[in-house]
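**Q** Fold the stuff below for me.
(one chain, ligands or ions: 1)
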Amino acid sequence: MSSQVLVLFASQYGFTENYARWIAEDLLSLRPEVEVQLSPIAQATAAQVQAADAVVAGASDYGGFLTGAGELKKLAPQLKSKPRFFFSVSFSGLAGAPAEKLDGIVSKNFGNDLVEGARLYHFRGGLDHTRLSLKHKTTMMGIRAAIAALPNKNEANRQMLESFEKKTVDYSDRSAIAPLVEDVLAALGS
Ligand SMILES: Cc1cc2nc3c(=O)[nH]c(=O)nc-3n(C[C@H](O)[C@H](O)[C@H](O)COP(=O)(O)O)c2cc1C
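**A** Have a look, this model is predicted:
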């Protein structure tokens, strides 16, 4: 029987969904016999997780809160016994924060139980200020002021300030998924 991989995502503006789709596409192109299912976390069922040989789940960072965390935790009973690979998508990614900090955000949101034994990855997304909800626009004004006041700005801080002038920026990098895809294929065996 062919292996099954479930690729889950929770995404507000599509950046995390793109990564999930790229991961599904690359898994299929490297191992065509693998069955890959792509689904929003909110629509995934316990039975789907139970049937999978490996599960990938991606979520985006909104001020330290990861999208879809509540829904993913509901799947924990089935997910805990599976090889699992979690990725976060944020504006700054590893350009703005050390891996330990981003790992900590994933643990806080998904719970130590689920994250212990999982592989974690962190990717960069982008921002389209023209599409933000009013609530998100308002939050971004606060973030802009807080970053502008920082005495020492890192590269991601400068890019965040720049994004308000450019309106739309995208730091997504498809090549960043290669290690995750390799790790999933290794977990499935040959
Ligand atoms: C209100 C708001 C808060 C955000 N907070 C953070 C943050 O704390 N750190 C960060 O790196 N990116 C932050 N971002 C950027 C998002 O993580 C980024 O836009 C991501 O690509 C969104 O992915 P999605 O479209 O899949 O939801 C924030 C964006 C918004 C709109």
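**Q** Spit out the contact partners of the closest residue to residue 178 other than its chain neighbours.
**A** In this structure, residue 178 finds its nearest non-sequential neighbour in residue 26, 7.7 Å apart by Cβ to Cβ, 6 or more residues apart in numbering. Every residue, glycine included, has its C-beta placed from N, CA and C. The contact partners of residue 26, by Cβ atoms under 8 Å, 6 or more residues apart in numbering, come to 177-178, 181.
**Q** which SSE is residue 26 in?
**A** helix 15-30 (DSSP states H and E).
**Q** Quick check: the residue of this structure nearest the ligand.
**A** Residue nearest to the ligand within the chain: residue 125 (2.0 Å; Cβ to the nearest ligand atom).
**Q** ok, that residue - how many residues close by?
**A** Applying other Cβ atoms under 10 Å, we find 25 residues neighbouring residue 125.
**Q** Was I right to think it contacts residue 169?
**A** No: counting by Cβ atoms under 8 Å, residue 125 does not reach residue 169; the two are 9.6 Å apart.
**Q** For residue 92, give me its contacts.
**A** 124, 156-157, 160.
**Q** Contact residues of this structure facing the ligand?
**A** Within reach of the ligand by Cβ under 6 Å from any ligand atom, the chain has these residues: 11-16, 60-64, 67, 89-92, 96, 125-127, 132, 136, 139-140.
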